[in-house]
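Visitor: Fold the following for me, if possible:
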Amino acid sequence: MAANPEGDAAFDRKQRMKLPPVVHRLRPVEERLRDFDETYLPLTADEAIQAAMRCIHCPEPAACVEACPVHNNIPLAMTLIEKGDFIGAAQVYRLTSSMPEICGVVCPHESLCQGACVRNKRHEPVVTGALEAFVAQYERQHGGVSIPVGAPSGKRVAIVGSGPAGLACAEQLVQKGHSVTVYEALPAAGGLLVYGIPNFKISKDTVRNRIEDLQRAGVRFVNGTKIGEAKTIDDLFSDGFQAVFVGVGSEIDAPLEVPGADLPGIYQATDFLIRGNVAPEWLPPDKNTRPEVGRRVAVVGGGDTASDCLRTALRMGAEEVTCLYRRTEAEMPGGPKDRELAKEEGARYRFLTQPVRFIAGPDGRVSAVECLQCELGEPDDSGRRRPVPIEDSNFTVPADTVILALGYWPDPLIGKTTPGLETKKYGLIVIDPESGATSRPGVYAGGDDVTGPDLVVTAMRAGRKAAAAMDQYLAGK
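Guide: Below you'll find the predicted structure:
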């Protein structure tokens with residue numbers, strides 16, 4: 001059901017266009033650098049109502065809805081928020097989203113719903129993401145959140161991986177009455193949401209609350225079990241599961257193959273972020289110590305993970321934190337919002353800079369990064385202009401800690417241990433894009449293990465889509 005503001009005599013688009021913007025407030029820099037708490041402050045009830053009143057309810061199809069990967073009914077939610085019906089608005093989001101309390105925080109709204117808002121013509125969009133997060137949390141605090149459970153179907157489903165794709169698939173299947181067990185390789189459920197995204201972007205409590213919703217609905221979590229090692233997909237079927245969803249993500253760090261890359265003091269981004277951001281009781285045995293951060297830190301890469309590493313290093317006491325990126329800022333794949341926050345907190349950027357060697361100091365640890373200056377050439381396969389190193393332009397950047405944030409590959413383990421499962425480049429799983437079905441009957445997949453690194457919301461959408469197809473498959477068994 002769409003909002004129908006034209007039927008309200010009080011509705012006037014011209015008057016609404018005159019309403020001042022509501023800014024999503026940040027904690028002061030000096031305060032947030034002292035801890036790992038969330039950077040943004042939650043909206044107040046008054047701010048939420050004022051922000052929603054700025055929605056002018058564009059004719060259908062509204063651009064914000066079209067830009068949302070799961071097509072949340074944002075205009076209807078805005079109408080309810082404006083009237084103070086925050087719980088009703090949260091329930092609108094839950095019709096199409098399995099985790100609005102999470103997507104409202106971590107989605108790059110500036111390039112999705114908020115970026116499509118027509119008010120961007122005046123650089124004053126409705127803060128759609130902050131409003132989604134506000135109502136989802138309001139519902140949890142004032143009404144409680146529960147997942148409706150369908151009548152028992154007698155069918156059992158295994159989900160491999162507890163990131164956004166797996167959690168969304170579980171949330172949908174349990175509503176159909178299926179018995180759902182989620183297998184997670186790490187000590188705590190949550191996948192990328194717990195182990196990949198730092199606390200200053202989203203609180204672990206927010207993720208944990210959603211997992212507890214699933215547990216109350218009957219979803220069983222088996223942590224510390226990596227499918228493909230002690231137990232395989234075939235074993236799951238032998239155990240009596242009738243369908244399997246694979247949502248293991250894409251969390252193998254891409255290497256930088258240059259001399260000295262194995263020196264002490266050089267970290268892969270995943271290792272650094274897990275050890276720097278996750279509570280000790282949730283750390284796997286091989287990552288149960290905090291990383292050593294020196295005075296000067298260099299982060300190699302230009303994506304969102306690089307921004308996360310820069311901001312984590314600053315919170316861990318580094319005095320100088322520099323991002324080394326081989327193209328210009330215009331070609332950076334990471335979102336500008338996180339990059340601006342990193343700059344505000346003190347991170348520096350050196351563009352057109354290509355590391356070619358890591359140099360050890362007298363103690364054997366990394367002490368500097370030798371680089372070449374680059375210039376931009378013709379576009380490559382990604383459409384971005386190719387970085388071309390300039391001969392004899394070598395220079396060094398002092399660094400006693402280096403973090404490599406060069407992107408991610410999927411773990412090929414599932415493909416190697418599952419007969420009949422078709423994979424392609426880097427071990428990505430091949431699926432039917434409409435259903436998530438793989439080449440192996442009864443096995444479905446979705447998220448970053450299919451697409452490569454992408455957004456939380458697109459992984460969630462893949463989990464929901466696969467769940468619908470799995471429900472039909474189970475009904476036919």
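Visitor: in the stretch 301-450 of the chain, which spans are strands?
Guide: Taking DSSP state E, counting those that start in this stretch to define them, one finds strands in the stretch 301-450 of the chain at 320-324, 348-350, 353-360, 366-379, 385-389, 395-398, 401-404, 408-409, 443-445.
Visitor: Serialize those to JSON lines and add fields for distance to residue 95.
Guide: C-betas here are computed from N, CA, C, even on glycine. Output for the strands of the stretch 301-450 of the chain, formatted as JSON lines (distance: least, C-beta to C-beta, whole Å):
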{"stretch": "strand 320-324", "distance to residue 95": "40"}
{"stretch": "strand 348-350", "distance to residue 95": "41"}
{"stretch": "strand 353-360", "distance to residue 95": "47"}
{"stretch": "strand 366-379", "distance to residue 95": "41"}
{"stretch": "strand 385-389", "distance to residue 95": "43"}
{"stretch": "strand 395-398", "distance to residue 95": "50"}
{"stretch": "strand 401-404", "distance to residue 95": "40"}
{"stretch": "strand 408-409", "distance to residue 95": "31"}
{"stretch": "strand 443-445", "distance to residue 95": "22"}
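Visitor: would you turn those into CSV with mean neighbour count?
Guide: Below are the strands of the stretch 301-450 of the chain laid out as CSV (neighbours: other C-beta atoms under 10 Å):
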stretch, mean neighbour count
strand 320-324, 23
strand 348-350, 16
strand 353-360, 18
strand 366-379, 17
strand 385-389, 17
strand 395-398, 14
strand 401-404, 27
strand 408-409, 20
strand 443-445, 28
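Visitor: Export those strands to a markdown table and append columns for mean pLDDT.
Guide: A markdown table is the format used below for those (pLDDT from 0 to 100):
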| stretch | mean pLDDT |
| --- | --- |
| strand 320-324 | 98 |
| strand 348-350 | 98 |
| strand 353-360 | 98 |
| strand 366-379 | 96 |
| strand 385-389 | 95 |
| strand 395-398 | 98 |
| strand 401-404 | 98 |
| strand 408-409 | 92 |
| strand 443-445 | 98 |
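Visitor: So for residue 423, which of these sits nearest?
Guide: For the strands of the stretch 301-450 of the chain, the distance to residue 423 is smallest for strand 443-445, at 9.8 Å, taking C-beta to C-beta.
Visitor: now for the closest one, which elements pack on it?
Guide: strand 243-246, helix 456-475 (3 or more C-beta pairs under 8 Å, 6 or more residues apart in numbering; DSSP states H and E).
Visitor: Now residue 81. Nearest residue, chain neighbours left out?
Guide: Among residues not flanking residue 81 along the chain, residue 52 sits closest, at 3.8 Å (C-beta to C-beta, 6 or more residues apart in numbering).
Visitor: Oops, could you answer that again for residue 166 instead?
Guide: Take residue 166 and drop its neighbours on the chain: the residue closest to it by C-beta to C-beta, 6+ apart is residue 247, 3.8 Å away.
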